[in-house]
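Student: Sequence first, predicted coordinates after that:
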Amino acid sequence: MREVAVLGVGQTKFGELWDRSFREIGIEAGLHALIDAKLSSADLGALFLGNMASGTLIDQEHIAPLIADYAGLAGRHLPAVRVEGGGASGALALHQGYLAVASGAYDYVVVGGAEKLTDVPDATATQITASTADHEWEVVFGATLPALWGLVARRHMHLYGTTREQLARVSVHAHEMGSKNPNAHYRNRITVEQVLGAPPIAEPLGVLDCAPFSDGAAAVVLGPLEEARQHTDTPIRIAASVVACDTMALQHRKEFTSVGATVESARTAFRRARRAPADVQVAEIHDAYSICPLIGLEDLGFVERGRAGPEFASGRFALGGTPTVNPSGGEKAQGRPFGAVGVAQVVELVRQLRGEAKERQVSGAKLALAHDLGGTGATSVVHLLERAN
Amino acid sequence: MEAGIVSYGAYVPRYRITPAEIGRVWGSDGESVGQGLNVVRKSVPAPDEDTITISTEALRTALARGGIDPQTIGAVYVGSESHPYAVKPTATVVAQAVGATPHMTAADFEFACKAGTAAIQTCLGLVGAEMIRYGVAIGTDTSQGAPGDALEYSASAGGAAFVIGRERVICRVHRTLSYTTDTPDFWRREGQRYPSHSGRFTGEPAYFRHVTECARAMFEAVGTSSKDYAHVVFHQPNGKFPQRVGKQLGFSEAQMRYGLVTPYIGNTYSAAALLGLANVLDHAKPRERVLVVGYGSGAGSDAFDLETTDALGEFDRNHGRSVQYYLDQGVEIPYAVYAKFRGKIRMAEG
Amino acid sequence: MSIARFWRETPRRYNLGGSKCTTCGTVYFPPRPVCPECTHHRQSIEKMVPFQLSGAGEVLSYTVVHEPAEGFEMQVPYVLALVRTDEGPVLTGQVVDVDPAQIAIGLRVRATFRKLREEGAAGVIHYGYKFAPADEPGGGPSTAARSGTVPAGPPAAERSPA
């Protein structure tokens, strides 16, 4: 298998994009990525599109050719493939794009992620979000996705003494970073008091512990590392792209406060890249709910089991931290258009590794980690990205 | 006959509301109304409870207590005037939920407050004819009174399940008979939300006539009088009617004591007399004679001349909740929560 | 909610019918065709048998839900919990008949039978298990008689007309 590089990145603003349709945002992100990669669409070998729920959100399945068509590529009969894995759909699409190039089957591919959540009422979006959990054995009995993560949070608090204040720090940090991101859905700073005082969603999680429903799209162009310098001065090598699954329902996990799929995918990724967590300067970690990055940091190996709460609250993961976590603002502040998230994480990390992140720049960023989850962890995807020199 | 009660179980929902609280909303002296009815508080089902769930809980208790294999049940009949479906029987869901399906028969009964006792009579027939080994008769209701109406102070929710059989009988049925006429004291037309009643007509020509005529018919049929019974249970739409009819028939307060449950949980309609009987069985000793006279509007009375057996002494009455538990327990709620739970608030459509 | 899809699960949702691997003895809910514990899955094929849960268990974690799942609007706020049954499997379900302030990890519970949701005023009503605090010894009703018989579910496929 040959080495794969990220040659270009692009994304739309994330937020409530009332005037933009799904196809418009999908194309915008893809075109930005192509321009950034100095690639013409004639050079494209395939399109991989990450999307979680277009069927229920916009009554449209079969969306990969839709985007290819509106990008002008239907006449060329471009291979177009949709990839789905709950909230990790974008990261999974990236994995598929990576395999497509690494195997030699295609040379240049665009991997996009797009989702439009705001065309449906919030209650519907809540129910659609829950479809990434186990419908028959969790949702039918009253579970929503925040409720399931609320169960995880309560258990973590019970076992390790994690506090609501520590959870709140996660959201406060997300908004701090979001305030520096012009594409973010939320750019306001918030305080711990505001998080604790926000209306409850599923205790201990409140409104400000939960990522918003957002519209948005992001895209990257991948190509063989050996050709990369023709397209960019700053090729970013994909050092590892790993997927792992776990039980669908939270109730069937071996442990509730650890996502086995994350542990497995991170371990494999670091082994393949011949690196360790201590080598990572910047990470984008799944943060749909404030408990998620705490569990993620423990599962990925950045923090000892049970210690993520106090470590996060100490400010260790702020800008310049070990590592800096979610410089984009994460799903909480940058936004959560499900299928776009996994790709947007990589867009941010590529910008960081290139030194283009401006106010959010992590100095000396050389190795970056992206982690995304589907549902309560039935899918985990870990990417390691490195500046290629 | 050899058939009788093999096991029984009760269930009453957790919430309670007082007449004073109801009166407060409708501008009445609710406390006085409650005293007049001898109702201290009534039970209120939670939004996720209905006649099906209450019947299931009561039957599960009965089966666990009696150690009865659900696959030996040959019939399940549920009597109610608040079945969740107008068409689709409560009894099939209950039978499925206790594991009695599929080789059995089932049906729902309706006869206002005597649907449960009618189901017992049917089970006695099937068991007596040796058509089935065990039959289940359940009386459950989640009835409502129209807001502000007199019935709102007493209409409540509860259920009692009786397993009828010929083996390990804890309470034999000597005789059952009924007194039935066409009497329009209380009714609800198809599609109507709340029942209607004919005011004071529901007293003497309805409840009192049928209960006393039926009781007297029983005394004559089996050669007894009120003195021969350790316990008596009447249908109890409030806490006053049964005391009055009991006195008319010559019963003492002591005889009526365990059979009267309405004051603490309200009128559970099809379950009322059956919960009274369950409370009697919770307290009775072996070889005590019991008279039960139910009543259902429309109208009719079913009477049962019963006697507890020695097997009652070995029966594990401590397994599962007693009726007394439900009389003593309860969480009071305000009228607004009661109205929400009972679906009396007009919700958004679509 | 599809009528057939819900009906199919009544032996599980009404009666807590699970399965047990006769090779390693692990109990599963909902039932599984293949045992994840046995090292070679082929060992467990056709070795799984029906197994009845009693409904008794304890709360491992809980949350008080304010933004409900569809169909649960009238019950807000409601308690959702992870319950470990005495036989081993962990279930997700509401805990009812308890003040949310009184719920705690370790609370002993028993399965009870409640409405899950209605398909509007004219549609089918769906029922299933929820949990309630267990009574003192003596307990409450269990889902099955002491004989442990596994209840029959909807007629098996092979009984449909030829």
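Tutor: Thanks, I have it. Every value quoted in this text rests on a predicted model; they were computed, and no experiment measured them.
Student: does any part of stretch B:277-284 sit near chain C?
Tutor: No. Stretch B:277-284 stays clear of chain C (C-beta under 8 Å from any C-beta of the partner chain), getting no nearer than 12.6 Å. Just so you know, the C-beta spots here come from the backbone N, C-alpha and C atoms, and that holds for glycine as well.
Student: Would you mind listing the buried residues in that stretch?
Tutor: For stretch B:277-284, burial by neighbour count (16 or more other C-beta atoms under 10 Å in any protein chain shown) applies to B:Leu277, B:Ala278, B:Asn279, B:Val280, B:Leu281, B:Asp282, B:Ala284.
Student: what about stretch A:74-81, distance to the chain center?
Tutor: Stretch A:74-81 sits 26 Å away from the centroid of its parent chain (C-alpha atoms, centre = their mean, to the nearest Å).
Student: If we go by neighbour counts, what in it is buried?
Tutor: Using 16+ other C-beta under 10 Å as the test for burial, stretch A:74-81 gives A:Leu78, A:Pro79, A:Ala80, A:Val81.
Student: For that stretch, C-alpha coordinates in CSV please.
Tutor: Written as CSV, here are the backbone C-alpha positions of stretch A:74-81 (Å, rounded to 0.1, in the frame of the first residue of the first chain):
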residue,chain,number,x,y,z
ALA,A,74,-22.1,13.3,-13.6
GLY,A,75,-21.3,13.6,-17.3
ARG,A,76,-17.9,12.0,-16.5
HIS,A,77,-19.7,9.2,-14.6
LEU,A,78,-17.4,9.7,-11.6
PRO,A,79,-17.5,6.9,-9.0
ALA,A,80,-19.5,8.3,-6.1
VAL,A,81,-19.9,6.4,-2.8
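Student: Kindly spell out which helices and strands sit in contact with the helix-or-strand element of chain B with minimal mean pLDDT.
Tutor: Of all helical and strand segments in chain B, the minimum by mean pLDDT, DSSP states H and E falls on strand B:196-197, at a mean of 88. On a contact count with 3 or more C-beta pairs under 8 Å, 6 or more residues apart in numbering or on different chains; DSSP states H and E, strand B:196-197 meets strand B:186-187.
Student: coming back round to it: name the residues that touch the least confident helix or strand of chain B?
Tutor: Contacts with strand B:196-197, where a contact means C-beta atoms under 8 Å, 6 or more residues apart in numbering or on different chains, come from B:Leu151, B:Asp185, B:Phe186, B:Trp187, B:Arg188, B:Arg189, B:Ser297.
Student: what does stretch B:206-217 give?
Tutor: Outside stretch B:206-217, the residues touching it (C-beta under 8 Å, 6+ apart) are B:177-181, B:183, B:185-186, B:234-235, B:237, B:241, B:244-245, B:248-249, B:291, B:293, B:295, B:297, B:299-303.
Student: how about a cut-off of 6 Å?
Tutor: B:Leu177, B:Tyr179, B:Thr183, B:Asp185, B:Phe241, B:Val245, B:Leu249, B:Val293, B:Tyr295, B:Ala299, B:Ser301, B:Ala303 (C-beta atoms under 6 Å, 6 or more residues apart in numbering or on different chains).
Student: now that stretch: mean pLDDT?
Tutor: Taken as a whole, stretch B:206-217 carries a mean pLDDT of 97.
Student: quick one: which of the contacts of strand B:196-197 has the most company?
Tutor: Within the contacts of strand B:196-197, most neighbours by other C-beta atoms under 10 Å in any protein chain shown means B:Ser297, with 26 neighbours.
Student: Sitting in helices, which of the contacts of stretch B:206-217 do you find?
Tutor: In this view, the contacts of stretch B:206-217 that belong to helices under DSSP state H are B:Phe241, B:Val245.
Student: Would you mind putting the contacts of stretch B:206-217 into CSV with distance to chain C alongside?
Tutor: Listed next are those as CSV, based on distance: C-beta to the nearest C-beta, whole Å:
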residue, distance to chain C
B:Leu177, 32
B:Tyr179, 35
B:Thr183, 32
B:Asp185, 29
B:Phe241, 31
B:Val245, 33
B:Leu249, 35
B:Val293, 29
B:Tyr295, 29
B:Ala299, 31
B:Ser301, 31
B:Ala303, 29
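Student: who wins for neighbours among the contacts of stretch B:206-217?
Tutor: With neighbours defined as other C-beta under 10 Å, the most crowded of the contacts of stretch B:206-217 is B:Tyr295; it has 33 neighbours.
Student: residues in contact with it?
Tutor: By C-beta under 6 Å, 6+ apart, the contact set of B:Tyr295 is B:Lys114, B:Tyr207, B:His210, B:Val211, B:His235, B:Ser301.
Student: and if you look at B:Gly4?
Tutor: Listed by C-beta under 6 Å, 6+ apart, the contact partners of B:Gly4 are B:Val169, B:Cys171, B:Arg172, B:Val173.
Student: how about the CA coordinates for the helix or strand hosting the last one, as PDB?
Tutor: Per DSSP states H and E: B:Val173 is located in strand B:171-183. Extracted in PDB, the C-alpha atoms of strand B:171-183 (Å, rounded to 0.1, in the frame of the first residue of the first chain):
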ATOM      1  CA  CYS B 171     -61.300 -20.200  49.200                       C
ATOM      2  CA  ARG B 172     -64.100 -22.500  48.000                       C
ATOM      3  CA  VAL B 173     -67.100 -21.100  46.200                       C
ATOM      4  CA  HIS B 174     -70.200 -22.800  47.700                       C
ATOM      5  CA  ARG B 175     -72.600 -21.000  45.400                       C
ATOM      6  CA  THR B 176     -72.900 -18.000  43.100                       C
ATOM      7  CA  LEU B 177     -76.100 -16.400  41.900                       C
ATOM      8  CA  SER B 178     -77.100 -13.100  40.300                       C
ATOM      9  CA  TYR B 179     -79.900 -10.600  40.100                       C
ATOM     10  CA  THR B 180     -80.100  -8.800  36.800                       C
ATOM     11  CA  THR B 181     -82.500  -6.200  35.300                       C
ATOM     12  CA  ASP B 182     -82.400  -3.400  32.700                       C
ATOM     13  CA  THR B 183     -81.900  -0.400  34.900                       C
END
